[in-house]
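Asker: Here is the input, now give the coordinates:
(one chain, ligands or ions: 1)
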Amino acid sequence: MSTTHALSEAGSSPPPERDTVIDVRDLRMRYRSQDVLNGVGFTARRGEVVVLLGPNGAGKTTTIEVLEGFRMRSAGDVTVLGADPARGDERWRARLGIVLQSWRDHGKWRVRELLAHLGSYYAPYSTALVQRPWDVDELLAAVGLTEQAEKRIGTLSGGQRRRFDVAIGIVGRPELLFLDEPTAGLDPEARQEFHGLVRGLADENTTVLLTTHDLAEAEKLADRILILAGGRIVADGAAEELARQASAEATVRWTRDGQSFEQATAEPTRFVRQLFEEHGEAIGGLEVRRASLEDTYLTMVRELETGSVTGEQAAHAFGKGSR
Ligand SMILES: Nc1ncnc2c1ncn2[C@@H]1O[C@H](COP(=O)(O)OP(=O)(O)OP(=O)(O)O)[C@@H](O)[C@H]1O
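Answerer: Here you go, the predicted model:
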């Protein structure tokens, strides 16, 4: 599947580092005549929380499904835990944890019962290093569901249900956990608890790839944020790094002789000094504003949606040109 197209990019790219858990190069996905992914590339390291952020329909679920081995890609090279997901065997699959967007079956099972049942499938994949499955009582405590252990799944609240979904995703002690919009529909408190749970997993060296369209969530949770928009990764970095890039230019606004002016500049202090040297007291209503990551992200999403910029142009907002 990935031989011919791979020559273009992967041939010239360096080999993945030893602790690289996900390595994606020039991933392309086309549904009939619609190109959804146009050359997505990124990596994830062991123990990293990577958040794939993007507007509705950007292709986040598609990307994650390709990495999980549930969807055949149109082109590109993908390595997950050392294997091509399109050819991953049972042993490989046992090292992954997957939390889908909605998991609404098994309402009549009791919490402990279903976890024990699903966990039993992982027993043959236990190793000296990783004991599988996770002990059910320990797992219930880790996800905060000890008190609900004997409840029927259908009676759990939304937040408990989501934690239970995660428990299912991690019962096999995965090295890599995929979470597709795990906090959709959670109230702020449940969301915060959930974030703690994800951070705890990363602290134990689980790599987490999580999708969301909520920038605030990405900023809070991610070691690294990947912004997927216009079919490609337009930004890749820690939240502070992206914020710095987004605010690299400031907008200076002022009035003079009843007229309004506006200027974008990377050096606002110097610009304002010159402005005063030139016009002195005539300058009024001075305002210097740096864009926040949120401003830049929302503007970019809006521009992509109205078709006024391409993915390539959007990438420049984060100092990320062609890659
Ligand atoms: N099986 C499919 N057949 C045809 N088109 C599809 C299929 N799955 C997804 N698409 C289209 O691909 C695009 C990306 O969808 P995807 O679900 O991957 O995006 P997303 O970023 O996860 O969106 P959301 O945030 O809304 O879940 C959308 O335009 C969607 O309609």
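Asker: Please make it C-alpha for all contacts and neighbour counts, starting now.
Answerer: Noted.
Asker: low-confidence ranges in the stretch 1-150 of the chain?
Answerer: Residues of the stretch 1-150 of the chain meeting the criterion pLDDT under 70: 1-17, 101-105.
Asker: Flag every residue of it that's near the ligand.
Answerer: 31, 36, 55-62 (C-alpha under 6 Å from any ligand atom).
Asker: Run through who's touching the longest helix along the chain.
Answerer: Counting residues, the longest helix in the chain under DSSP state H turns out to be helix 188-203. With contact meaning C-alpha atoms under 8 Å, 6 or more residues apart in numbering, helix 188-203 is reached by 47-49, 142-143, 159, 163, 183, 207-208, 221.
Asker: Please narrow those to those residing in helices.
Answerer: Among these, the residues falling in helices (DSSP H) are 142-143, 159, 163, 221.
Asker: and these, which are buried?
Answerer: Taking 16 or more other C-alpha atoms under 10 Å as the criterion, what is buried in those is 143, 159, 163, 221.
Asker: quick one: which of those residues is nearest the ligand?
Answerer: residue 221 (17.7 Å; C-alpha to the nearest ligand atom).
Asker: who are the neighbours in contact with the closest one?
Answerer: With contact set as C-alpha under 8 Å, 6+ apart, residue 221 has these partners: 49, 51, 195, 199.
Asker: Dig out what the first one forms beta bridges with.
Answerer: Spelled out, that is residue 49. Taking DSSP bridges as the rule, residue 49 bridges to residue 208.
Asker: Could I get the pLDDT score of residue 322?
Answerer: With respect to pLDDT, residue 322 scores 46.
Asker: Number the residues from 9 up from this point.
Answerer: With the count now opening at 9, the last piece we talked about shows up as residue 330.
Asker: ok now the longest helix of the chain, how far from the chain's centre?
Answerer: Its chain's C-alpha centre and that of helix 196-211 lie 15 Å apart, by C-alpha atoms, centre = their mean, to the nearest Å.
Asker: mean confidence for that helix?
Answerer: 86.
Asker: can you pull out the strands in the stretch 159-308 of the chain?
Answerer: 184-188, 215-220, 232-237, 240-245, 258-264, 267-273, 291-298 (DSSP state E, counting those that start in this stretch).
Asker: now for the third one, which elements pack on it?
Answerer: Under the contact criterion of 3 or more C-alpha pairs under 8 Å, 6 or more residues apart in numbering; DSSP states H and E, the helices and strands touching strand 232-237 comprise strand 57-61, strand 240-245.
Asker: and these as a markdown table, adding mean neighbour count?
Answerer: What follows is the helices and strands packed on strand 232-237, written out as a markdown table (neighbours: other C-alpha atoms under 10 Å):
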| stretch | mean neighbour count |
| --- | --- |
| strand 57-61 | 26 |
| strand 240-245 | 24 |
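Asker: Let me know which of those strands is the nearest to residue 279.
Answerer: strand 240-245 (28.2 Å; C-alpha to C-alpha).
Asker: Now do the residue of the stretch 209-331 of the chain found nearest the ligand: how many residues are near it, please.
Answerer: Residue nearest to the ligand within the stretch 209-331 of the chain (C-alpha to the nearest ligand atom): residue 221, separated by 6.2 Å. Residues lying near residue 221 (other C-alpha atoms under 10 Å) number 19.
Asker: Tell me how far it lies from residue 124.
Answerer: Look at residue 221 and residue 124: by C-alpha to C-alpha, to the nearest Å, they are 33 Å apart.
Asker: What's opposite the nearest residue to residue 92 once chain neighbours are set aside in the beta bridge?
Answerer: In space, residue 92 comes closest to residue 86 once its chain neighbours are excluded; the distance is 5.9 Å by C-alpha to C-alpha, 6 or more residues apart in numbering. Residue 86 has the following beta-bridge partners by DSSP bridges: residue 32.
Asker: Quick check: residue 86 touching residue 29?
Answerer: No - contact between residue 86 and residue 29 fails when scored by C-alpha atoms under 8 Å: they sit 10.7 Å apart.
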